[in-house]
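> Structure for the following, please:
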Amino acid sequence: MILKGSQRGGAVNLADHLTNTRENDHVDVADLRGVAASDLHGALQEIDATSKGTKATQPFFSVSINPPEGARLTLEDFKEAARAIEEKFGLTDQPRAIVTHEKNARLHAHVVWSRIDTENMKAIELSFSKLRLREVSRDLFLQHDFEMPEGLRDREKAKPDNFSPQIWQQAKRIGEDPRDLKRIVSDAFKDADGAKAFQAQLEGHAMQLARGDRRGFVVVHHTGEALPINRYLDMKQKDIRAKLGDPAHQITVDQARSLLNSRMTAQAEKQLDDGKRRQDADQGKLKDQVLQMRGEHRALREALKTAQEARTASEALERANRLRKGLGGLWQRLTGEHGRIAKQNADEAEQATQRDAGEREAMRHGQLDERALLQTSITAMKEKHLRETNQQRAVLGHWLSMDKDTQREAIKTHVDQIETEKRGWRELRDERAKQGKDRGRTP
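Predicted coordinates:
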């Protein structure tokens, strides 16, 4: 299982994030330990309150546990994984919460521990957390006999595709997959020997190299969005400048947008708009199916919960009635029957708990299988849309590249602007130097 962890604060924000039912099909606060509260918000606020007696600003250690696609784990499996993590980090018996999420037919869990050692009133140190989580992850893959990812076997082969929320939101706005954009920008940069060759590669994808506001490079998408090139290349701007030169020699973002807009034909815009409408219609149909299935599955789970609670109450009453009161109860104690019945009741209660958990797991896994069938259609649709987007981008890039005169005109205007600015600075420098000499000759 892939494990990702971080230390963090913000009890309310963390609880809001973990109980978000808009982005997830199902959310279940599956286990709370070491807290008096019976809900996640109360539990995390309780831990946060405890941390006020220390200097800790990040009292939580949050870890996501992600099984491979198609794996069907139980709550007990996640608890075992949590125990392996806390043994590695010295968090055994620390207050803890486990929350399970189901999204896109995949089940994963989030575990949040308190870092606060209440006996010594200080935060538990969690050094080398990535390395230690990596070791636990390997053990879990072997334990469950899952196929281990290549990047987990060899760190050099790990794929750094962890985009920030800002990058994901930007890509969503322009109807792109950030992984696809990263592939395009990375391939173009790798094959280029300078800014001119890099721009030629980008042009084929209807993109334009430009300089950003902070003396760095950006790539302007044909929609006008400025993509932070360093985020897609996983490189620092100084290393990018070593290959592409001074960003000042490139046109500005506004000039790049104007250039792309001026070269967009009505036919190109119509094709893009028509493609976007078709894709939105496809997505709308499947989204409606997802929402309908989500509602039906939630209703079934609520009905099961209600039925189990009623059965639990009935069985508890039946077990309680076995223990008599008054003289009958005294006789049971004298004959030892009371102890036998108490043990029988405890055993039956434990069996009932396991039975109910099994029913919930069976329903969950059945619904995940049903949701997986729908997800297959969604994945196929996304792959189809990606092919269409790549094709549209390539055609648009071809049309834009045919208008070389417009590009040369824009670059010439930009070069002239730079030369004008340089002349202005030289004249200002010479004027200030002359004024300084004049003041030096004044008696």
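> what secondary structure does residue 108 sit in?
strand (DSSP: H, G, I helix; E, B strand; the rest coil).
> again with residue 353
Three-state call for residue 353 (three-state DSSP): helix.
> How about residue 146?
coil.
> Let me know whether it touches residue 68 as I believe.
Yes: using CB atoms under 8 Å, residue 146 is in contact with residue 68, at 5.1 Å. The way it works is simple: take the backbone N, C-alpha and C, and place the C-beta from them, glycine included.
> overlap in contacts of these two?
residue 1 (CB atoms under 8 Å, 6 or more residues apart in numbering).
> that's a helix at residue 208, yeah?
No: with three-state DSSP as the criterion, residue 208 is strand rather than part of a helix.
> List the residues that contact it.
Residue 208 is in contact with 199, 202, 219, 220, 251, 256, 259, 260, counting by CB under 8 Å, 6+ apart.
> Tabulate these (a markdown table), appending neighbour count, pLDDT and secondary structure.
Formatted as a markdown table, the contacts of residue 208 follow (neighbours: other CB atoms under 10 Å; pLDDT from 0 to 100; DSSP: H, G, I helix; E, B strand; the rest coil):
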| residue | neighbour count | pLDDT | secondary structure |
| --- | --- | --- | --- |
| 199 | 20 | 86 | helix |
| 202 | 22 | 85 | helix |
| 219 | 26 | 88 | strand |
| 220 | 25 | 88 | strand |
| 251 | 22 | 84 | coil |
| 256 | 24 | 83 | helix |
| 259 | 23 | 76 | helix |
| 260 | 21 | 75 | helix |
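> Pick the one among the residues you listed closest to residue 426.
Lowest distance from residue 426 to these (CB to CB) belongs to residue 251, with 22.6 Å.
> what separates the closest one from residue 211, distance-wise?
Applying CB to CB, to the nearest Å, one obtains 7 Å for the distance of residue 251 from residue 211.
> hang on, the earlier thing: I'd like the contacts of residue 208 written out as CSV, with distance to residue 288 added.
Shown next, in CSV, are the contacts of residue 208 (distance: CB to CB, whole Å):
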residue, distance to residue 288
199, 43
202, 37
219, 35
220, 35
251, 44
256, 38
259, 40
260, 35
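> Sort out which one of those residues lies nearest residue 343 for me.
Out of the contacts of residue 208, the member with the shortest distance to residue 343 (by CB to CB) is residue 219, at 71.1 Å.
> Please tell me I have it right and residue 357 contacts residue 75.
Yes: with contact defined as CB under 8 Å, residue 357 and residue 75 form a contacting pair (6.9 Å).
> more crowded one of these two?
residue 75 (18 against 14; other CB atoms under 10 Å).
> Pop out the phi and psi values for the closest residue to that one other than its chain neighbours.
Leaving out its chain neighbours, the residue that sits closest to residue 75 by CB to CB, 6 or more residues apart in numbering is residue 30, at 5.3 Å. When read as degrees, to the nearest 10, the backbone of residue 30 gives phi -80, psi -30.
> Same question for residue 8.
phi -160, psi 160.
> That one and residue 91, how far apart?
15 Å.
> quick one: which of those two has more around it?
Comparing residue 8 with residue 91 by other CB under 10 Å, the one with more neighbours is residue 91, at 22 against 16.
> Next, the contact list for that one, please.
61, 85, 113, 115, 124.
> Tell me the most packed of these, by neighbour count.
Going by other CB under 10 Å, residue 113 tops the contacts of residue 91 with 26 neighbours.
> So that residue, which state does it fall into?
Strictly by three-state DSSP, residue 113 counts as strand.
> Show me what it bridges to in the sheet.
Under the criterion DSSP bridges, residue 113 forms beta bridges with residue 61, residue 96.
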